[in-house]
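Sequence first, then the predicted structure, then my questions.
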Amino acid sequence: MGHPLLSIVIANYNYGRFLEEAIESVVAQNMGNKVELIICDAASTDNSIDIIRKHADGLPPNTSYSDWILSNNSRPANNSSRLITWWCSEKDGGQSAAFNKGFAHAKGEWLTWLNADDLLLPGALKKFEGLVVQKPNAVWVTGNMLSFDSNSNTIVQVNWGPHTQPPFLDRGRAFSAVFGPTAFWRRSLYEEVGPIDEHLHYAMDTDYWARLTMFGIRQTRLNHFCWGFRLHDDSKTEGAQTDKVADRRKYETAYWREKTKYNFVKSLINPWYLTWCIWRIVDGSWLMRLCKKHKFEGRNLSVAFSAPKKADYKIRIFEPTVPEYRVALFEGLAERLPGRIEIVTADSNSYKVKGAKCDFGHERIAIGPMTIYKGLSLDGLSKGDVITVDGSPKALSPMGIALIAKLKGIRVVWWGHHLSAQPKWYRVKIRLWLAKMLADIFLCYTDDGIKFLVENGFRRDRVFATGNTIDTKSVQKLIEKYSNGNDIVKFKQDKGLEGRFVLLFCGRLRALTGLEVLIQALQNLKKMGRLVKCVVIGAGKEMDSLKELAKTQEVDDMILWTGELRGQERLALWFLSSDVFTYPGRVGLSVIHAMSYGLPVILNDNQQDHGPEYSVFRPGENGWAFHAGSSKDLTDAIVRAMDSPSRVVFGANGRRRVVESYSIERMVERFLEAVDAAAKV
């Protein structure tokens, strides 16, 4: 799922007494892998390095986080350390140089900085993320700020207001206020406008905003308090001014005025500037601050931003089954909302979920292509509680439960794919009509799903996406368990895989898997004299016909059919003994499963035919693509994989992408956002 990464750079020098609060203010945003934190320390002599090491949790200086976890086969346990992806402690050319150094190591599509003595205020990044989703064309987002006294923690001043500005003023390059590090801007702007001016140590932010404005870049306003500016005696901006500092500021002012050709007298007679001043009076930005004290002024910072008590609504999740890969998600939900999660399924063999009430084994009755589950009820739920239903119109009982819930004032979350595989237009229409009629919130899997639903009449604030993944932590433990390699060697010997290039397939054996194309490709490889063994993990109604096809094509000796294997323990050695994973047909969660084990993948190039998990695939980076349905093209892709010196690198790239961008924590957070939105409808 393609959530853009935000890179935050903290520059620090001997601000150890404030630095930990700054780091914790980023951690408290609870954004998971959607944010990376980079800390550039200028060889501090106080306790700054100890604080950085504490939060880096073993990550060495001048080392990329992703390279470190791959080289060490480990992952830090400290939750905050997931954010710190790079840090250093070395002399530099000042704060501006430190920011530029941090941005040079940043991987995010969006950039911002945070001073080591300041705070990122609660909810800032959630609001920023929501705005970017609503306004995907935004390139420069600016918010509000407040100043607080470091000793009393009292809010002294707020800078706020509508800050609207019509496009004609932007074209006139009228000045537009930006409150320090409340700004978020795209990497593409940084590359276009250039780095921060390292001649400047005080006015570098004003200079940078002026440069963006002169490039004709329009702000997108975020009406939220993002930046907490700390007032203290040693503050570079507000602290005691020595002669040296005063001289430096005087030089910077003259330098900046010359650089921007700023002239105060000319600005007063500039029609664009005058129009802008009038507009600010009309829209209330100035009058609001002159005539009305903001509710935050004079209040304690912690009290002003204390989170309201969460409602104790219950959540009942109706699902056909609970497979192993969903256990981590549901246990994450149960951990976040203890005693409030209940899971109802028809499958008595579903995996148990620790911390949740489990009601499994409801009788399933098939009526043609439709299904009814007996005994589903809303007992124990009341108005304001939330249910989630599987978004398949073929499951009649959840649709009925959703209708009854609506009548009782119980909120409904429709959870599923926004489109089915190979959708027919009338099925799409039925699915969308049912979702609009029954659901308060639509929870899909991808940003493409959000876009599709909004284009088809759904309100943007009622559509969410979770992404989809497996519990990569359990995979990591198994990788570590077999890291010495001896068990893998013995396993390959026992299974007849030694000395063979091992292709792995894992999934249900049904029409959409495309295994007949793989069987034909194996025949081609046999004629070429290639030593290949194909492991097929899975079972299904197509298994007998596929085995018969393999015999007909005389490649049955090249295929090892394992049948269905449940549980990571039974699967791990098969994945770790393989060279490449392939799924010739419509792939889903299996591709993330394979990449989490460090396997490069071979998939067909028909993106529209795949599940949402296909977004993790990057041909030429973590695998190879072939033309859908072509056994010849698949054969060529397998040969390229066999001969490629980059195969191990591709596998590492895939694993890195899964670790960095697909996590259970992120999925839990997205799910809770959707459920919370439903409870507030």
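That came in fine, so what should we check first? Residues are numbered from 1 along each chain as shown.

what helices or strands is the longest strand along the chain leaning on?
Determined from DSSP state E, the single longest strand within the chain is strand 220-231. Packing partners of strand 220-231 (3 or more CB pairs under 8 Å, 6 or more residues apart in numbering; DSSP states H and E): strand 119-120, helix 124-134, strand 140-149. For the C-beta atoms, the positions are set from N, CA and C on the backbone; glycine is no exception.

could you redo the last one with a cut-off of 7 Å?
helix 124-134, strand 140-149 (3 or more CB pairs under 7 Å, 6 or more residues apart in numbering; DSSP states H and E).

Mind exporting the C-alpha coordinates of the shortest one to CSV?
Right, the one you point to is strand 140-149. Taking C-alpha atoms only, strand 140-149 is exported to CSV below (Å, rounded to 0.1, in the frame of the first residue of the first chain):
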residue,chain,number,x,y,z
TRP,A,140,3.8,22.4,0.3
VAL,A,141,1.7,22.0,3.5
THR,A,142,1.9,24.6,6.3
GLY,A,143,0.2,24.6,9.7
ASN,A,144,-0.1,26.5,12.9
MET,A,145,2.3,27.0,15.8
LEU,A,146,2.3,27.9,19.4
SER,A,147,5.0,29.1,21.8
PHE,A,148,5.3,27.8,25.4
ASP,A,149,7.4,28.6,28.4
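
Not including adjacent chain positions, what is the nearest residue to Ala677?
Closest residue in space to Ala677, ignoring its immediate chain neighbours: Ile441 at 5.6 Å, by CB to CB, 6 or more residues apart in numbering.

Who are the contact partners of the one you found?
The contact partners of Ile441, taken as CB atoms under 7 Å, 6 or more residues apart in numbering, are Val413, Arg462, Phe464, Ala674, Ala677, Ala678.

Ile387 too?
Counting by CB under 7 Å, 6+ apart, Ile387 makes contact with Arg316, Phe318, Ile401, Ala405, Ile410, Val412.

and with 8 Å instead?
For Ile387, the contact set (CB atoms under 8 Å, 6 or more residues apart in numbering) comprises 315-318, 378, 381, 401-402, 405, 410-413.

per-residue confidence at it?
On pLDDT, Ile387 comes in at 95.

burial count for the residue nearest to Lys314 when sequence neighbours are not counted?
Counting by CB to CB, 6+ apart, Asp385 is the residue found nearest to Lys314 once chain neighbours are left out, at 4.5 Å. By the criterion of other CB atoms under 10 Å, Asp385 has 23 neighbours.

Phi, psi for Asp385 please.
Asp385 has phi and psi values of phi -70, psi 170 when expressed as degrees, to the nearest 10.

That one is in contact with Arg316, isn't it?
Yes: Asp385 sits in contact with Arg316 when judged by CB atoms under 8 Å, with a separation of 7.3 Å.

what's around Lys383, how many residues?
Lys383: 10 neighbours (other CB under 10 Å).

ok so, going back, just the ones of the contacts of Ile441 in helices?
The helices, defined by DSSP state H, take in Ala674, Ala677, Ala678 from these.

who does the nearest residue to the first one once chain neighbours are set aside bridge with?
Pointing back at Ala674 there. The spatially closest residue to Ala674, leaving aside those adjacent along the chain, is Phe464, at 3.9 Å (CB to CB, 6+ apart). Going by DSSP bridges, Phe464 is paired in beta bridges with Leu443.

domains in the protein, as residue ranges please.
1-120, 135-175+207-307, 315-469+664-680, 472-661 (automatic domain parsing).

Distance to Pro195 added to these, as JSON lines?
Output for those, formatted as JSON lines (distance: least, CB to CB, whole Å):
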{"stretch": "domain 1-120", "distance to Pro195": "4"}
{"stretch": "domain 135-175+207-307", "distance to Pro195": "9"}
{"stretch": "domain 315-469+664-680", "distance to Pro195": "30"}
{"stretch": "domain 472-661", "distance to Pro195": "25"}
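
Out of these, point me to the one whose mean pLDDT is lowest.
The bottom spot among those, by mean pLDDT, belongs to domain 135-175+207-307, with a mean of 65.

about what we covered before: now the contacts of Ile387 as CSV including secondary structure, neighbour count and distance to Gly499?
What follows is the contacts of Ile387, written out as CSV (DSSP: H, G, I helix; E, B strand; the rest coil; neighbours: other CB atoms under 10 Å; distance: CB to CB, whole Å):
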residue, secondary structure, neighbour count, distance to Gly499
Ile315, strand, 25, 52
Arg316, strand, 25, 53
Ile317, strand, 25, 47
Phe318, strand, 23, 50
Leu378, coil, 14, 59
Leu381, coil, 20, 59
Ile401, helix, 23, 55
Ala402, helix, 24, 56
Ala405, helix, 23, 59
Ile410, coil, 23, 60
Arg411, strand, 24, 58
Val412, strand, 24, 56
Val413, strand, 25, 52
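
nearest to Pro645, of the helices and strands packed on strand 220-231?
Ranking those by proximity to Pro645 (CB to CB) places helix 124-134 first, at 39.1 Å.

Quick check: which helices or strands does that closest one pack against?
strand 140-149, strand 220-231.

Paired strands for the first one, with orientation please.
Using DSSP bridges, strand 140-149 pairs in its sheet with strand 155-159 (antiparallel), strand 183-186 (antiparallel), strand 220-231 (parallel).

Give the closest residue to Lys126 in space, chain neighbours not counted.
Gln29 is the one closest to Lys126 (CB to CB, 6+ apart), at 7.0 Å.

which stretches of the stretch 201-350 of the chain form helices?
For the stretch 201-350 of the chain, applying DSSP state H, counting those that start in this stretch gives helices covering 204-214, 243-260, 264-269, 271-282, 285-291, 301-304, 324-336.

do the same with the stretch 401-550 of the chain
Using DSSP H, counting those that start in this stretch, helices in the stretch 401-550 of the chain cover 425-438, 447-455, 472-481, 486-495, 515-527, 543-552.

which one of those is the most hemmed in?
helix 515-527 (a mean of 21; mean count of other CB atoms under 10 Å).

what does that one contact?
So helix 515-527 is contacted by 503, 505, 509, 532, 534, 536, 542, 546, 549-550, 553-555, 558-559, 582, 584-585, 629-632, 634-635, 638-639 (CB under 8 Å, 6+ apart).

now the residues you listed: which count as buried?
503, 505, 509, 532, 534, 536, 542, 546, 549-550, 553, 555, 558-559, 582, 584-585, 630-631, 634-635, 638-639 (16 or more other CB atoms under 10 Å).
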